[in-house]
Every structure is written in structure tokens, then in C-alpha cells.
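**Student:** Quick one, what's the 3D model for this:
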Amino acid sequence: MAVRKYLSALCCLLLLNCVFSDRKTLDLIYKDIDSFSPCVRRFNRNGQTGCSSDMNGNTGVVHYIQEYEDLDWLLHTGPHEPYMPILTPHMFTLEVINALMNSSKINGMMVIHTHVENQVMNETFSFSPDQACPNKGYGYGACDMKWNVAGTNLVAHDFNIPIFSLLDEKEVESILKCYFDKNIPDKGKAREYPLCAVELMDFMHGAVDTETCMRRTHQPTNIEEVRYCDPLSDSNVYGTLTGTNKTNPHKQESVIIAAAPLDSTSLFYDVTPEPGVELAATSFITLLSAAYALGRLNTEQRNSLSKTIMFEFFHGESYDYIGSSRTVFDMLRGQYPVKMNKAKEQPALVNLTNIAMFLELRQLGLPDNEKYYAHHDKTPSSKTSEFINNLKIGFESTEVKLEKAPDGQGLPPASFQSFLREDNTIPGVVISDHQREYNNRFYNSRFEVAALLGLNFTDGQEETEGVLTDNLNNVATGIAKALYLEAGGSTSDEAYNLTTANHSITGELIYCFLYKPTCRLFQSVLDEEDSNVLSDVPYQFYIGVHRTTSNYVKLVHNLLSYFIALDIKNIDKEDKDKCKNDDENEMYSFSYMQGPNLNGICVQSATGYTIAVSPAFVEDVEDFPQWSSEKYSTWTESVWNAYTARLFLKPSREQESLIFSIGMVVMLISFPLIYFLNAKGSTIFNRE
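**Tutor:** Have a look, this model is predicted:
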């Protein structure tokens, strides 16, 4: 009995030692890599795209690829496969990636993403993982032009290995030091073990395509809910300059829509610095600034307009027009902007026949010589031509130029195409900084960052100065005046001169969205609780999977509400619960905000959110959902648990086999030894 107690105590001590020393032992073996951004797996009707590791991660010997010579060595000489190459940004190209994938000698990839500003400022360098014609197949008509000349369509590739973007300079230096100490070929000859290796893990639970993945997710189970993928989803934002009521429906061609995209994407998830500054930020910032200009009109001036101006901010447009296609879908079934309820007061419904004009802003930060272009359908209607004239009149009061794009060229990829796909008679214009090919060399990539627009921020200087602020403010003024004219105003009206964007507001929007979300402007349009949880770094513009509205979309909504408010009243913090709408009234939005002086205000506006989920996933309509739809976006994102990366020294297979064999021998000896001690213990440990 005493022997068993002794052995039990010994086992407990060994167990406690393992518990407290396992982390220390792991730290001696592995060095964690903390700052990285993984490529994740997504799906559509055609199959799966992106990256995934094996369930337990992928390991490989590190090989540094700076030039094509390094690539050739790995492909034709390197004997220590599988490899885990680490590539410089200019070597991470479609050609190199295909060569590595076809070699069957790699188990993953890493790409360096440090000193991003230096890469961006190199005018000979370009990179875009999107298509040459983004969203091809989901717009109106054929896409005959290569708008995105840098496009490689990497986003459509299924890599089936982990690919990580490394973000921290010191961690990159640590990996490269290990490589140069242990791995670098000696006069072309491979080094001997032990070798520097990396383990990457980002196992994705989903597989095959959207239809298969969604079917598995919805498959009933008696154990627990298991999710394999989710539709890309968030919210759109809308607002009208004047309140509307369903008892007074919109007339045909009485609504002017001014729109901008809210999102961008990248091959890598949650990458920093935050991308999307040209595609998304310059577009919605300019539209918000234009909304501010029109919001300066008083109630009488707004009501004097014969047409309703409606602002639209569409989310998920980088993934086959998720937000705009859902808006059109809801318009067609009579549920936009809200689903009708006889018991409630609600805004007037908007359908396609109500649209008098469509204006979209898309990529405005990189004009040549302060020149912008008004794109239109290949054969513009007379209404479109008249609106372009109004735009030119509006831009005359600014310091930038607007030119009409050539006839016959057609529209660039834009949300407007979702509307034309259902009704090609809707007149409209897309304003951009490019006449033909994009000026943006990094469309929907990790390099589309603030440095691309020449921005240099300073803490505390919240009104960003410079060429970008000047240009966006001028464009905002021009379109605000054009919208006023299109809505029935006149250049001789006092209100026309009033519709001028505020340079300080435009500068603050740039500073807050692209540098410091904890800025005064953002704090002023939130309540104290939300203000305290503002991010210290810029928000990502990727749509992602959000079952509730994401934080930066809430900011866009609150800014729009504040800029085009119908009424603003001072209110004490203690009374903020009174700043809300009646449950039976959906005509207006009431938002409690801290206000510019942080004393509390209640803002009433005709704004709101709508669902930004593709119609393919709607479940309350006959013949839906359509997970393999050819008409609507079917993008989903795989579920994953975690992603990790770590560096370690890999012994040779002979060494691994020897260590394993010794371990087995020790284990096999331990069984009879313990049996012997247990059987003879009373004799061996007899104290007498």
C-alpha cells in the first residue's frame, strides 16, 4: 500500500512539473510569430478560393526568395522539401506563385509586408489581386476594357496551403537571421540539418463551394450547431435630405440617388496598414462632405426642391456588388428602405421607376492635374447629358476640372451597374479620377494605403491639409451644387451658393477614417459609451461576416445623420433615453450624440440602415435561397478557430527517427519496470 502511495505521489509530482514547465519547454523549442495577416478561404458558386493549412498546421524549411535565382534554387536544387519560402513583395507575383505551387516542393508561403510606404512610392511597382475587370459577370453588359491593368485575379485562386503576410520588421529580421545562420546555401550547396523552419496554421472548416458549405452548415444535428461558412454581410447606410412618408408616395423619376461604396478587400485578412483608401475612403468621405454641404440648407430651402435627394452607401461592392444588388432586389419586391407594416408610420418606398438620376463617386484620390471624369453608358441619354452639364456648372466654382468620358467607352465597374442590370433606362453618371485604366496601381490590395495618396499625418492636427483634402473638398462642392440643380434648384438661388463643402470637415474626415478614429469629430457623433471604445487604429473596410452592423458603418450613419439632420436639440446625458423614436414610427432616426461640445444632443434625421447581404441568401422569398445563383453574389467566408505562426529548428529525419526510437524504448522499458516495482515493492521498500 505504501508503494502505491509513493508511486502516486511521484506521478502527481511529474504531472505538476509537466503542467508548469510545458510552456517553458515550448518556448525553448518554438519562437512565436505574432504580427501577421493570413490569407483565408472564401467560396462562391464556382468553388473555393484563398488559403488553408492542414488541421494541425503546415511546416516547412525556410527559404528566402529575393530574386529569381533564389526561386530557381528552390525549384531545381533544394533537397530539404517541403519548403516554406519567404518572399519579398516584388517577388510575390502570379508567375512566381504559380511556379512554386506547381513544384509540389512547398507547404506554405510567407510574404514580407514591412516598409509599405517604400513599396508604394516606387512608381514602377504595382500589384492587384483583383480581376482586370472587377466584378465581371455581375454588371450591366460585357466588360470589354481592362480597367485594372495590374489585376492578377489571385483572389479567384485556390491555394490550399497557408500564405501569411508578415507585418513586423523585427520578426521578419528574426526569421531572416535564422535563415542566414542555418539555411542559406553555401556556394549553391544546401546546408545540413538542423535547419530553420516555420509552422503556419490557419485551418479552414469550410470546403468545396458555397452551395456545399451552406448545405452542411444548415444540416440539422442533434448535438450542437456547427457552422462551416457564413455569407459576407454587414449593413448599407441611406438617408434623404427631407423626410418622406408612405402616405405620400414618390412619383416616377422623383428621386436622385447619390452613392458611394463602403468597402474594399485584400488577399490577406485584417492586414495593416489598413487598405482601401482610394477605392472606398475617398469615395464615401467625399459623399459625406457633399452631404454636409447640402445639409446646410434650412427646412424651407430643402422643401422647395422638386425631387428627393437620397444618399446611399453600399457595402460589399468588392464581392460582386453585394450591397447594391440587395438594394435593387428589395426595391423590386417593394421593401425598400423598409418592409411595409400597416400599423407603423414609415418612409415612402423607393423603386426603380422612382429614380430620376443616379450619381456615384468611385476612386477620387489620384487625379491627373486635378482632372476628374464623368463616366456614362455607351450611348448617354439626353437626361444623362443634361446632368453632366449640371455637374460641369457645379464644378466651375471649384479648383478642379470635370470632363465627360468618351462616348462608346461604357461604365467602369460600379454599383450603378446593379441598377442598370434590372433597368437600363435609368440615367446616371459615375465620377472617378481616371478616364480609362485605373490610376490606382494597388486596387483592392494590401498596398492601397494612405501613403499612396501622399498622406502624412500628425497627432493632434485633425484637420488634414494638403492636395487630397483640397481635391476631395472641391469634388464634394461640385457634386453638391449639381445635385441641388438636378433636384430643381437654380444657380440664382441663395441656397445654391450655400451648398459648399467645408474644408475643415473634409480634412477631419480624412484624418479620422485614415489615421485616428479617436478624433474629436467621431467622438462628437457617438454617445459616451461608444466613444470610449473607439479603435486606436483605422477601421478595416472589408465587409467580413457581421451579424450586427460594424463599428465604422455606424460611424458613417451617425455622420450622415448629423450632417443632414432635420432637427438637433440639446439634451442632458441623463435624459438620453428620451432621444428615441416611437416604436410605431420608422420615418425618422433619432440618435443621441455627445455633440461638438460633448454636452449632449439629440439628432433627428431621415436616415437608416438596410441589409447588405446578397439576395442569394434570402430565405423569405419563393425559390430562395439560391446558393448557386448566377445572377447574385454568392460569396461566403469559411469559419476558422485560430491562426498561429512559429519559428523553430528542424532536425534531420534521421535525428527525428532516433529521438522517436529512444522515446519508444524508454516507454517500453518503463512498463515492466513499474510492474516489477509494484509487484516487489513491499520487499524493496521494506522499512524493517
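
**Student:** show me what contacts residue 202?
**Tutor:** 38, 39, 40, 51, 52, 53, 162, 164, 640, 642, 643, 644 (C-beta atoms under 8 Å, 6 or more residues apart in numbering). Where C-beta positions appear, they are placed from N, C-alpha and C, glycine not excepted.

**Student:** What's the local residue count around the nearest residue to it once chain neighbours are set aside?
**Tutor:** In this structure, residue 202 finds its nearest non-sequential neighbour in residue 643, 3.7 Å apart by C-beta to C-beta, 6 or more residues apart in numbering. Using other C-beta atoms under 10 Å, residue 643 is surrounded by 21 other residues.

**Student:** Torsion angles phi and psi at the residue nearest to the spatial centre of the chain?
**Tutor:** A centroid search over the chain (C-alpha atoms, centre = their mean) returns residue 542, at 1.0 Å, as the residue closest to the centre. When quoted as degrees, to the nearest 10, the phi and psi of residue 542 stand at phi -70, psi 140.

**Student:** show me what contacts it?
**Tutor:** Residue 542 touches 263, 264, 265, 266, 269, 270, 276, counting by C-beta under 8 Å, 6+ apart.

**Student:** rerun that using 6 Å as the cut-off
**Tutor:** Contacts for residue 542 (C-beta atoms under 6 Å, 6 or more residues apart in numbering) come out as residue 265.

**Student:** go on, residue 540?
**Tutor:** Residues near residue 540 by C-beta under 6 Å, 6+ apart: residue 274.

**Student:** That one: which element?
**Tutor:** Counting by DSSP states H and E, there is no helix or strand that carries residue 540.

**Student:** Just the closest of the contacts of residue 202 to residue 293, please.
**Tutor:** Nearest to residue 293 among those, counting by C-beta to C-beta, is residue 40 at 39.6 Å.

**Student:** if you skip the residues just before and after it, what's nearest to residue 357?
**Tutor:** Residue 357's closest residue in space is residue 256 (C-beta to C-beta, 6+ apart), at 4.7 Å.

**Student:** Am I right that the one you found is in a strand?
**Tutor:** Yes: assessed with DSSP: H, G, I helix; E, B strand; the rest coil, residue 256 lies in a strand.

**Student:** isn't it right up against residue 306?
**Tutor:** No: assessed by C-beta atoms under 6 Å, residue 256 is found out of contact with residue 306, at 10.4 Å.

**Student:** Compare neighbour counts for these two and give me the winner.
**Tutor:** residue 256 (26 against 11).

**Student:** Surely residue 648 and residue 30 touch.
**Tutor:** Yes: here residue 648 reaches residue 30: they are 4.9 Å apart, a contact under C-beta under 6 Å.

**Student:** Could you list the residues in contact with the top strand by length along the chain?
**Tutor:** Ranked by number of residues, the top strand in the chain under DSSP state E is strand 601-613. Contacts with strand 601-613, where a contact means C-beta under 6 Å, 6+ apart, come from 231, 233-236, 238-240, 243, 315-316, 322-323, 337, 549, 560-562, 565-571, 579, 588-593, 595.

**Student:** Now, of the contacts of residue 202, which are buried?
**Tutor:** 38, 39, 40, 51, 52, 53, 162, 164, 640, 643, 644 (16 or more other C-beta atoms under 10 Å).

**Student:** if we can go back for a sec, what's the first helix or strand after the longest strand of the chain?
**Tutor:** That would be, after strand 601-613 and using DSSP H and E, strand 636-638.

**Student:** and that next one, what's its mean pLDDT?
**Tutor:** For strand 636-638, mean pLDDT is 98.

**Student:** Likewise for stretch 581-592?
**Tutor:** 91.

**Student:** which residues sit against that stretch?
**Tutor:** 243, 338, 344-347, 527, 558, 561, 576, 579-580, 602-605, 607-608.

**Student:** Quick one: end-to-end length of that stretch, please.
**Tutor:** 11 Å (C-alpha to C-alpha, to the nearest Å).

**Student:** which residue packs closest to residue 152, ignoring adjacent ones?
**Tutor:** Nearest to residue 152 is residue 94, by C-beta to C-beta, 6+ apart, at 4.3 Å.

**Student:** I'd like the distance between the one you found and residue 151.
**Tutor:** 10 Å (C-beta to C-beta, to the nearest Å).

**Student:** Let me see the contact set for residue 317.
**Tutor:** Applying C-beta under 6 Å, 6+ apart, the residues near residue 317 are 261, 263, 323, 415.

**Student:** wait, which of the residues you listed is closest to residue 57?
**Tutor:** Using C-beta to C-beta, residue 263 comes nearest to residue 57 of the contacts of residue 317, at 30.6 Å.

**Student:** can you give me the strands in the stretch 301-450 of the chain?
**Tutor:** Listed in chain order, the strands of the stretch 301-450 of the chain (DSSP state E, counting those that start in this stretch) span 308-314, 355-361, 371-375, 401-404, 428-432.

**Student:** Now tabulate the ones you listed in a markdown table and tack on mean neighbour count.
**Tutor:** Listed next are those as a markdown table, based on neighbours: other C-beta atoms under 10 Å:
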| stretch | mean neighbour count |
| --- | --- |
| strand 308-314 | 25 |
| strand 355-361 | 25 |
| strand 371-375 | 21 |
| strand 401-404 | 18 |
| strand 428-432 | 26 |
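
**Student:** Mean pLDDT and distance to residue 663 added to these, as JSON lines?
**Tutor:** Listed next are these as JSON lines, based on pLDDT from 0 to 100; distance: least, C-beta to C-beta, whole Å:
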{"stretch": "strand 308-314", "mean pLDDT": "98", "distance to residue 663": "59"}
{"stretch": "strand 355-361", "mean pLDDT": "98", "distance to residue 663": "65"}
{"stretch": "strand 371-375", "mean pLDDT": "98", "distance to residue 663": "68"}
{"stretch": "strand 401-404", "mean pLDDT": "97", "distance to residue 663": "75"}
{"stretch": "strand 428-432", "mean pLDDT": "98", "distance to residue 663": "64"}
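
**Student:** can you tell me which of the contacts of residue 202 are in helices?
**Tutor:** Applying DSSP state H to the contacts of residue 202, no entry is found in helices.

**Student:** any idea which of the residues you listed is closest to residue 131?
**Tutor:** Looking at the contacts of residue 202 and their distance to residue 131, the nearest is residue 39, at 17.2 Å (C-beta to C-beta).

**Student:** residues touching the closest one, list them.
**Tutor:** 50, 51, 163, 267, 268.

**Student:** same thing but 8 Å
**Tutor:** Taking C-beta under 8 Å, 6+ apart, we find residue 39 in contact with 50, 51, 159, 162, 163, 164, 165, 202, 267, 268, 269.

**Student:** Appreciated, that's everything.
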